[in-house]
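1. got a predicted structure plus its sequence, pasted below:
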Amino acid sequence: MNPPGNDLLLTAGKVLTLLMQAVFVVGAAAVAFAFVGVALFADTINAEMRTEFGPAITDLPTAAVLGLLALAAVVVGALFVFFGKLRGIINTVAEGDPFVPENADRLTAMAWLMVATYLLTAVMALVSALVTDWASQFEDVHFSATLGFDFTSLLLIIVLFILARVFRNGAAMREDLEGTV
């Protein structure tokens, strides 16, 4: 077995979690930029579309687009936190002490973050139907908004809650063992 500090898998996990968090920071910046742009320039966007496509074009559903962007910002934030929690778990494994109560709390938080993400993406699919309807007036523009059952996400949520219990019980057992020795 590799010493905790020289484990290639743990190092890869740390790097990947940091990379994912960096991606979500960029994503959050892009969402914020788009939100501000739509909020400030909706009238200009509508005027430009009428110039380009004719006066029959209906206005951009600004509230729906801003709602989608706000929901996307929350999802991006939740995923950023999720990977931070995962990195915290990886760090305790690298230190050789993963069965600590904090990891049970991290896993529980990760599960709830995934529940929130799952529900928010379902709401986003419903709201995106408004944008899809609006976009259907343009030729050669095709969007689809689908709301489906995601078995993989639900499985991940269940596994995270179960692992939280395993880690909580493991930490309690270790504490009991240390108290008897």
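-> In hand now; what should we look at?
2. use CA for all of it now, contacts and neighbours both
-> Will do.
3. which regions of this protein sit below the pLDDT cut-off?
-> Within the chain, the stretches with pLDDT under 70 are 1-5, 143-147, 181.
4. can you give me the helices in it?
-> Counting by DSSP state H, the chain forms helices over residues 8-53, 62-94, 101-135, 151-180, given from the N-terminal end onward.
5. and Lys85, how many residues sit next to it?
-> 21 (other CA atoms under 10 Å).
6. isn't it right up against Ala111?
-> No - here Lys85 lies out of contact with Ala111, judged by CA atoms under 8 Å, at a distance of 10.6 Å.
7. that older thread, got TSV for the helices of the chain, with distance to Val141 too?
-> Shown next, in TSV, are the helices of the chain (distance: least, CA to CA, whole Å):
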stretch	distance to Val141
helix 8-53	13
helix 62-94	16
helix 101-135	7
helix 151-180	30
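8. show me the one of the ones you listed that comes nearest His142.
-> Shortest separation from His142 across the helices of the chain is recorded for helix 101-135, at 7.2 Å, computed as CA to CA.
9. now Leu79: how far from Ala111?
-> Note on Leu79: its distance to Ala111, by CA to CA, to the nearest Å, is 11 Å.
10. same deal with Val23?
-> Taken as CA to CA, the spacing of Val23 relative to Ala111 amounts to 21 Å.
11. same drill for the two, tell me which one is more crowded.
-> Between Val23 and Ala111, Ala111 has the larger neighbour count (other CA under 10 Å), namely 23 against 14.
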